[in-house]
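# Sequence and predicted structure, then a few things I'm wondering about:
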Amino acid sequence: MQITAEQYWQFSERVWQQHGARQTALELQDQHGLEPNLLLLALLLEQHGQFLEEGQFRLLRDAQAQWCEKMLAPYRQLRRLARNNLPTESYQQMLEVELVMEKRSQQLMLKALNHLRVQSSGDNLTACLRAQDIDPLALPGPMLEQLTHLFRSSEPDLPDTLAG
């Protein structure tokens, strides 16, 4: 099953609202350089019963790396710096722009995903982390527990918004 950009985005928004998901993803981003969108795609694939190997996750990471390095990461940094120096409305506008940029990152990964052969079994969490040179067993216990919970809570029956 091919995942659409809208399915990916809606799924990401739902996961982002789960307790601890945002904090864990942002800690992985800040401490290990793992783009949250790559982690979200690994989780979405898991829900679809689709699995990738470490090298394939590296390809997905690389597909959006230049965009993130040149555009998204600097904008994130600027937004974080502006947080306490802008009126709330202006800061919210910055967040909206960042979301548009996040969607672009997701689109770049989906485009690369369409050229990959997915497997029917595997371990997306480990493969995704190792693609970023992160040893899952070296992560702090609470972070690994939260990641494991997110992947284990994957529902085999997809909500209507994800059923293609």
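Great, that's in hand. Numbering: from 1, shown residues only.
# From now on I want contacts and neighbour counts done on CA atoms only, so please keep to that.
OK.
# Give the next helix or strand downstream of the longest helix anywhere in the chain.
Secondary structure of the chain per DSSP state H: the longest helix is helix 88-113. Sequence order places helix 124-131 as the next helix or strand after helix 88-113, per DSSP states H and E.
# Just give me how far that next one sits from the chain centre.
Distance, stretch centre to chain centre, for helix 124-131: 12 Å (C-alpha atoms, centre = their mean, to the nearest Å).
# what's it in contact with?
34, 38-39, 42-43, 45-46, 51-55, 57-58, 135-136, 147-148, 151 (C-alpha atoms under 8 Å, 6 or more residues apart in numbering).
# re the thing from before, and the longest helix of the chain, what does it pack against?
helix 5-16, helix 36-47, helix 54-67, helix 73-82 (3 or more C-alpha pairs under 8 Å, 6 or more residues apart in numbering; DSSP states H and E).
# Could you look up the SS state of the residue lying closest to Pro36 once chain neighbours are set aside?
Distance criterion C-alpha to C-alpha, 6 or more residues apart in numbering; nearest residue to Pro36, sequence neighbours excluded, is Ala25 at 5.4 Å. Secondary structure, DSSP: H, G, I helix; E, B strand; the rest coil: Ala25 is helix.
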